[in-house]
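> take a look and give me a structure for this.
(2 chains, ligands or ions: 2)
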Amino acid sequence: MEDRKIQGMGEDSGTEYSVRQSPASLNPICFDPDICIGCNRCVQVCQCDILFPAERKGEPPVVMYPGECYYCGACVMECPGKGAISLRHPLMNQAKFVPAARPKA
Amino acid sequence: MMEKTVRAEFSAAGRSFPPYGTGNNHNTWYAATMVDARGVEIPYADRDGRELRTVSERYYPAPGQKFFLKGGVIDNPKYEYRGPETLPFDELIRRGYQLPFYADLSRMPESERKVIWGMMVGEEAKTKVPVYQNYTERGFDPDRHMLQSYGTGWQSASFLEQERQFFGAPGGLMHDWDLKTNIDGIYACGDQLYASDCAGAACATGYYAGRKAADYAEGVELCQCSQEDIRAEKERLYAPLSRDEKSGISWKELNKAISKAMQNYCGGVKCDSLLLEGLDLLKKYEEEAVPVLYAANPHELMRVHEVMDILTVARLVLQASLARKSSSEPLCFMRSDYPETDPPRDRKYIVIRQEDESVVVRQVPLDFFGDLEEEYEKRNRDYMEREAAGNGR
Ligand code: SF4
Ligand code: SF4
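Numbers count the residues shown, from 1 in each chain, chains lettered A, B, ... in the order given. Ligands and ions are numbered 1, 2, ... in the order given. Next comes the predicted model:
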């Protein structure tokens, strides 16, 4: 992904910064573009500041810093559209479950 | 500041399983039925070692006991407050129980299963999506499945001895009765305090510190700030934004280097020479890496400052560790050069602070805060009266 230019805010509004999607070995957040309305509520709620609004209005946000996600699920809880955003733990962190053993007499 | 690192138990990211998302029987999952690898149920016992036969008994105090306390920082409560718990790990292994253990809610009465999985895990903010929803989507059904445990306790992974974290009772920031630190007007609350962790303590101390800080702010006059100081501070904070990426160091690189340094020099077993070696390396990072940290945008700038804070805290931990010249079980603190454990001479807080460039160490008696009830009432009379009158702020 190419560097994206963003403007600073407030008294910093004259400054232009570059943002680049930071590669990570996992992909914790996925969007369904058919359901997502691009409202950016998930972007606003993320305490780790890892989601960025899409460049085109109405499109799903960009997961700019996937390696910094700490799997709190706040973005999913905040989303008004069921299934628009989903959270997945990395493979190595998926706890194992098995059919319950029958109680021993 | 006092040394506050314990062997890691719990993490939300890294290589940890999701917190509260592994088979366990603590906090949110208390008192889940646990079984071993063969499916044999692990017994619960009351504080006197009397093995309990029913699930319901796990939720009641022992005969003659008024109540028991569980969760958060209360890992090893006094006999007076000790509640039902699964048998100690060593005893289970002696009896032939086999790892891995599992939490098996399917053996519990439906109401208890629903409380643990549906209400506690399902409705707690940070477990609703990452655990309840995700596990359900992966096919987990508490009526039919059991969930594996990792490590031997309630940890969310099998952590190594050198993987330390700021959690649990030992150490923390020194403060007065108002939760004010030694910097006038700066208050502390939550996990950074000693003998404090989890949400309940954070809410209670946050409320208290906020109330005291508001009272303080009402009584002080705002001073004129110097435009020159503001300019200099802005320059310091924003400097990484104008540094060169190619010749600089990223926050991630420094973060990993500090983490490795702390694992090497301030891990499970500590000694003066290792701690000094660690301080030497961190000083080098401070002098050589910090001035070339770069940030391409405000997000990275936030991370840069976070890592600079981590560097300061890491140095504090090393200094605080150097100051205690003995080992201590309740502090999870082991010294190879001072193996004597909890000698009476060190049954006190060892507090460090920075003065100019040097570290000042002092000792404070364990009961420095006096009688809790009496001292609290003395300092909070106006608040208590307001609350009693029903018009608390
Ligand atoms: S799970 Fe939490 S940290 Fe990760 S993107 Fe969502 S809100 Fe941010
Ligand atoms: S909150 Fe949901 S709908 Fe809104 S942008 Fe995020 S994923 Fe899309």
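> for residue B:189, give its distance to residue B:76.
Going from residue B:189 to residue B:76 by CB to CB, to the nearest Å gives 24 Å. The C-beta positions use only the backbone N, C-alpha and C, and glycine is treated the same way.
> up against chain B, what does chain A have?
A:6, A:8, A:17-20, A:49, A:64-65, A:68-74, A:76-77, A:87-89, A:92-104 (CB under 8 Å from any CB of the partner chain).
> for chain A, what spans make up the strands?
A:4-7, A:16-19, A:29-31, A:51-52, A:62-63, A:85-87, A:97-99 (DSSP state E).
> count the residues that sit near the residue nearest to residue A:20 when sequence neighbours are not counted.
The shortest distance from residue A:20 to any non-neighbouring residue, by CB to CB, 6 or more residues apart in numbering or on different chains, is to residue A:3 (5.0 Å). Applying other CB atoms under 10 Å in any protein chain shown, we find 12 residues neighbouring residue A:3.
> then residue B:147?
Neighbour tally, residue B:147, other CB under 10 Å: 25.
> can you pull the contacts of the closest residue to it other than its chain neighbours?
In space, and not counting its chain neighbours, residue B:147 is closest to residue B:23: 4.0 Å by CB to CB, 6+ apart. Taking CB atoms under 8 Å, 6 or more residues apart in numbering or on different chains, we find residue B:23 in contact with A:95, B:29, B:32, B:34, B:101-104, B:146-149.
> so which of those belong to strands?
B:34, B:102-103, B:146-148.
> out of the contacts of residue B:23, the closest to residue B:390 would be?
Among the contacts of residue B:23, residue B:29 lies closest to residue B:390 (CB to CB), at 38.1 Å.
> quick check: the closest one touching residue B:115?
No. In this structure residue B:29 lies outside contact range of residue B:115 using CB atoms under 8 Å: 10.4 Å.
> neighbour count: those two, which is higher?
Taking other CB under 10 Å, residue B:29 and residue B:115 do not tie; residue B:29 has more neighbours (20 against 15).
> point out where chain A drops to low pLDDT.
Along chain A, segments meeting pLDDT under 70 span A:1, A:103-105.
> show me what the spatially most central residue of chain A bridges to in the sheet.
For chain A, the residue sitting closest to the mean C-alpha position, by CA atoms, centre = their mean, is residue A:29 at 4.3 Å. Beta-bridge pairing for residue A:29 (DSSP bridges): residue A:87.
> tell me the spacing between it and ligand 2.
9 Å (CB to the nearest ligand atom, to the nearest Å).
> residues contacting that residue?
Per CB under 8 Å, 6+ apart, neighbours of residue A:29: A:50-51, A:63, A:66, A:69, A:75, A:85-88.
> kindly report the same for residue B:84.
So residue B:84 contacts B:31, B:44-47, B:52, B:57-60, B:62, B:68 (CB under 8 Å, 6+ apart).
> only whichever of these are buried, select them in ChimeraX.
Here is the ChimeraX selection string for the buried members of the contacts of residue B:84, based on 16 or more other CB atoms under 10 Å in any protein chain shown:
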select /B:31,44,45,46,47,52,58,62,68
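> Throw the contacts of residue B:84 into CSV and include pLDDT, distance to ligand 2 and secondary structure, thanks.
Listed next are the contacts of residue B:84 as CSV, based on pLDDT from 0 to 100; distance: CB to the nearest ligand atom, whole Å; DSSP: H, G, I helix; E, B strand; the rest coil:
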residue, pLDDT, distance to ligand 2, secondary structure
B:31, 94, 38, coil
B:44, 96, 43, strand
B:45, 96, 48, strand
B:46, 94, 48, coil
B:47, 92, 49, coil
B:52, 97, 47, coil
B:57, 96, 46, helix
B:58, 96, 41, helix
B:59, 95, 40, helix
B:60, 95, 45, coil
B:62, 93, 50, coil
B:68, 91, 43, coil
